[in-house]
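Chemist: Need a 3D model of the following:
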Amino acid sequence: MSVKLSKDYYIKRKGKLIKDFDRQLAILRNLLKKKFDQAKIDDILNQMRLEYEQIIPEIPYIGGQKNPMTIFLIYGMSDLAIFRILEKEGFTLREIGQFYYEFGEERYNRRKKNLEKIGEDPSQYPFEPQHIDMMKKLSEQSQKRSYSDDWIMDFVKGNGKSFEWGLNTHQCGVYNVYKRLGAEKYVPFLCLLDFSEANILGFGYSRTQTLGNRAPICDHRYIKNFKTPRAWPPDNLEEFKLKL
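Modeler: Residues are numbered from 1 along each chain as shown. Reported below is the predicted structural model:
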């Protein structure tokens, strides 16, 4: 993979990336109605779109479509545009976190409805054999360290009691690039959406530490027959160290 091809990967896909981001902005529009009038909302969303256009060339190449983690990296980078503009508009750090958590809940509510519409049980996907097998293979692949900004993970086999399976993440692609761009203060908010996903889709999930909260690893655990609590406000969450 040439350096030029790596740098051009996202730029060549800019049109699609912006189109996908516009769908996220449609969700944000409804949330912003609680605080702003229509003209101001249009202005904020336009700022976010322009900010994302500036961010796209900063997204590191980690294998493109061949790497399933690329989509998580793209989402994380588009969310950076949201964080930056909310702060520019005067939101406090706590207000940014709450707004972003509500944004995540809306995204997962929509995902849940879509899964149920096609007859799938949202609460079972983490425990399906094909999903677990994919995560095992992805963890093994990450050990090769093919791309410097990719995730590095260990698959953890559960005991069927305290948890079914898990991941110990030693390097996070999103955290790496946020830190490089001086935006690591937002990463704990991104992490909270793992709890939001589990809470809304209905599967058990726990974690006690994350890289984004300055711990040495992220210890993800997937648990059957456990109700994941809503993670906002996060002040008493074991992993959460950010002072709001």
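Chemist: Helices of the chain, residue ranges please.
Modeler: Using DSSP state H, the helices of the chain run over 3-12, 14-32, 38-55, 70-88, 93-117, 129-142, 173-180, 187-201.
Chemist: Same list (those) but as JSON lines, adding distance to Thr208.
Modeler: From N, CA and C alone the C-beta is placed, and that goes for glycine too. Output for the helices of the chain, formatted as JSON lines (distance: least, CB to CB, whole Å):
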{"stretch": "helix 3-12", "distance to Thr208": "34"}
{"stretch": "helix 14-32", "distance to Thr208": "30"}
{"stretch": "helix 38-55", "distance to Thr208": "31"}
{"stretch": "helix 70-88", "distance to Thr208": "21"}
{"stretch": "helix 93-117", "distance to Thr208": "19"}
{"stretch": "helix 129-142", "distance to Thr208": "19"}
{"stretch": "helix 173-180", "distance to Thr208": "17"}
{"stretch": "helix 187-201", "distance to Thr208": "12"}
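Chemist: taking those helices together, which one is wrapped up most tightly?
Modeler: helix 187-201 (a mean of 22; mean count of other CB atoms under 10 Å).
Chemist: for that helix, packing partners?
Modeler: With contacts taken as 3 or more CB pairs under 8 Å, 6 or more residues apart in numbering; DSSP states H and E, helix 187-201 sits against helix 70-88, helix 93-117, helix 173-180, strand 204-206.
Chemist: for the ones you listed, which one sits closest to Ile18?
Modeler: helix 70-88 (9.3 Å; CB to CB).
Chemist: For that closest one, what is the distance to the chain centroid?
Modeler: How far helix 70-88 lies from its chain's middle: 9 Å, per CA atoms, centre = their mean, to the nearest Å.
Chemist: could you dump the helices and strands packed on helix 187-201 to JSON lines with distance to Phe240?
Modeler: Converted to JSON lines, the helices and strands packed on helix 187-201 look like this (distance: least, CB to CB, whole Å):
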{"stretch": "helix 70-88", "distance to Phe240": "17"}
{"stretch": "helix 93-117", "distance to Phe240": "10"}
{"stretch": "helix 173-180", "distance to Phe240": "15"}
{"stretch": "strand 204-206", "distance to Phe240": "13"}
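Chemist: For these, give me CSV that also has mean pLDDT.
Modeler: Listed next are the helices and strands packed on helix 187-201 as CSV, based on pLDDT from 0 to 100:
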stretch, mean pLDDT
helix 70-88, 98
helix 93-117, 97
helix 173-180, 98
strand 204-206, 98
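Chemist: so which of these comes closest to Arg230?
Modeler: With CB to CB, the closest approach to Arg230 among the helices and strands packed on helix 187-201 belongs to helix 93-117: 8.4 Å.
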